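K.L.:
Please find the sequence and the predicted model below.
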Amino acid sequence: MTSELDQVRFSILDRSRVRRGQSHPEALRETVEFARLAEDWGYHRFWVSEHHSVPGVAGSAPTVLAAAAAAATSRIRIGTGGVMLPNHQPLVVAEQFGVLESLYPGRIDMGLGRSVGFTDGVRRALGHSKSDADDFDQQLTDVLEYFTRGKSGVHAWPAEGLRVPAFLLATGSGAERAARFGLPLVIASIAGPDRMAEAIERYRAGFRPTPWGTEPYVVVSGAVVIADTTEEAYRLLLPEAWSSAYSRTRGEFPVLIPPAEIESMTITDRERRIFDEALRDHIHGTEDEVADALAALVARTGADEILVHTSTYDRAARLDSHRRLARLRSSPPAAVTGTGLQPRSGNRTSAAA
């Protein structure tokens, strides 16, 4: 439909969100089924996430869930968006991804993030604290070394010698860190599209080739919803926006609830401000509206890939949205070969161009 969209890959991040009345095990089984559908629809990657002690998110063990998704599929790349490195020992992270790559060769991605547990209690239960994120550069270095030559005489079998693409989720100075390490950048418009575009430009300008990446590669992550009308698509965004507002005012991500219930709520000024912020910059509408918005996003950022992380209460509507999104590309998806990280042509111009 849109030539600009034929130049980028579409991928999915599923956080295994839990709806009211649903159990955590049911949400995890839905994630595995979603991976199968994503492969059928031609998506390039399917990633899962890491959250601990969260009522509204079932995905607590991303490498285990990734293994289940990989076993249920045969072509699509499977990975994490991401494993939160401060929560784990680098040796164990390398070993786990080494096992995944050994079992599903050529299909595994290692997305890594810097976040720590959401609350003090969770951090204590994990045996970590906020300060552990201060050593992220060293933790990242250690993980990558375990894939090449080991560290201090310790070898992360079977990871050593395997080629598992590593991605860095951008938080804070994440764009500059990805550039220093020569890693693909995964970034979202959390601070607004201008800040995101500036960070991408800094990433490309500062990128240093390493064994982990010879050219910049940008994955832009965001919520994308397609429905029959603009208004219907907007309503599908409400449950996740309310969950965000609830978490920032009460310290806990709740299960997803129906849009109608949210629309009838009386909320505080602070909740309204956070709720409105959570809805900002999300792409939604009909097929044509979404295609135009995505084309503009790609033109502005030079994105090589769009990673869709949409969550909503209505599972059927969400699946239909992803099915429609996959059809926006007029050309068939390319087969998975190598690491799947070749930048699209012409994406190295300024992000502001």
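P.N.:
Received the coordinates, thanks.

K.L.:
quick one, helices of the stretch 151-300 of the chain?
P.N.:
174-181, 193-206, 230-250, 259-263, 269-279, 287-301 (DSSP state H, counting those that start in this stretch).

K.L.:
Near the nearest residue to Gly213 once chain neighbours are set aside, how many other residues are there?
P.N.:
Once its chain neighbours are removed from consideration, Gly213 has its nearest residue in Gly182; the separation is 4.2 Å (Cβ to Cβ, 6 or more residues apart in numbering). C-betas here are computed from N, CA, C, even on glycine. Gly182 is surrounded by 20 other residues when neighbours are defined as other Cβ atoms under 10 Å.

K.L.:
same question, Met110
P.N.:
Applying other Cβ under 10 Å, we find 27 residues neighbouring Met110.

K.L.:
Need the residues that contact the host helix or strand of it.
P.N.:
Remark: Met110 resides in strand 108-113, with elements defined by DSSP states H and E. Judged by Cβ atoms under 8 Å, 6 or more residues apart in numbering, the contacts made with strand 108-113 from elsewhere in the structure are 45, 47, 50, 66, 70, 77-85, 93, 97, 100-101, 140, 143, 164-169, 171, 186.

K.L.:
List the buried residues in it.
P.N.:
Within strand 108-113, the residues that count as buried by 16 or more other Cβ atoms under 10 Å are 108-113.

K.L.:
Pick out whichever of those residues sits closest to Arg149.
P.N.:
The shortest separation between Arg149 and any of those is 17.3 Å, and it belongs to Met110 (by Cβ to Cβ).

K.L.:
about what we covered before: could I get the buried residues of strand 108-113 as JSON lines with distance to Arg250 and pLDDT?
P.N.:
Rendered in JSON lines, the data for those read as follows (distance: Cβ to Cβ, whole Å; pLDDT from 0 to 100):
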{"residue": "Ile108", "distance to Arg250": "36", "pLDDT": "98"}
{"residue": "Asp109", "distance to Arg250": "33", "pLDDT": "98"}
{"residue": "Met110", "distance to Arg250": "33", "pLDDT": "98"}
{"residue": "Gly111", "distance to Arg250": "28", "pLDDT": "97"}
{"residue": "Leu112", "distance to Arg250": "29", "pLDDT": "97"}
{"residue": "Gly113", "distance to Arg250": "23", "pLDDT": "91"}
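
K.L.:
what phi and what psi does the backbone show at the closest residue to Arg204 other than its chain neighbours?
P.N.:
Across the structure, with Cβ to Cβ, 6+ apart as the measure, the residue nearest Arg204 apart from its sequence neighbours is Pro216 (4.7 Å). The main-chain torsion angles of Pro216 are listed as degrees, to the nearest 10 and equal phi -60, psi 140.

K.L.:
Distance-wise, check Pro216 relative to Arg163.
P.N.:
Taking Cβ to Cβ, to the nearest Å as the measure, Pro216 and Arg163 are separated by 19 Å.

K.L.:
Neighbour count for these two, which is higher?
P.N.:
Pro216 (23 against 13).

K.L.:
Could you list the low-pLDDT ranges of the stretch 101-250 of the chain?
P.N.:
Screening the stretch 101-250 of the chain residue by residue with the criterion pLDDT under 70, one finds the ranges 117-120, 129-133, 172-173.

K.L.:
From Gly206, how far out is the residue lying farthest from the centre of the chain?
P.N.:
Within the chain, Gly153 marks the point farthest from the mean C-alpha position, 33.6 Å out by Cα atoms, centre = their mean. Using Cβ to Cβ, Gly153 is found at 33 Å from Gly206.
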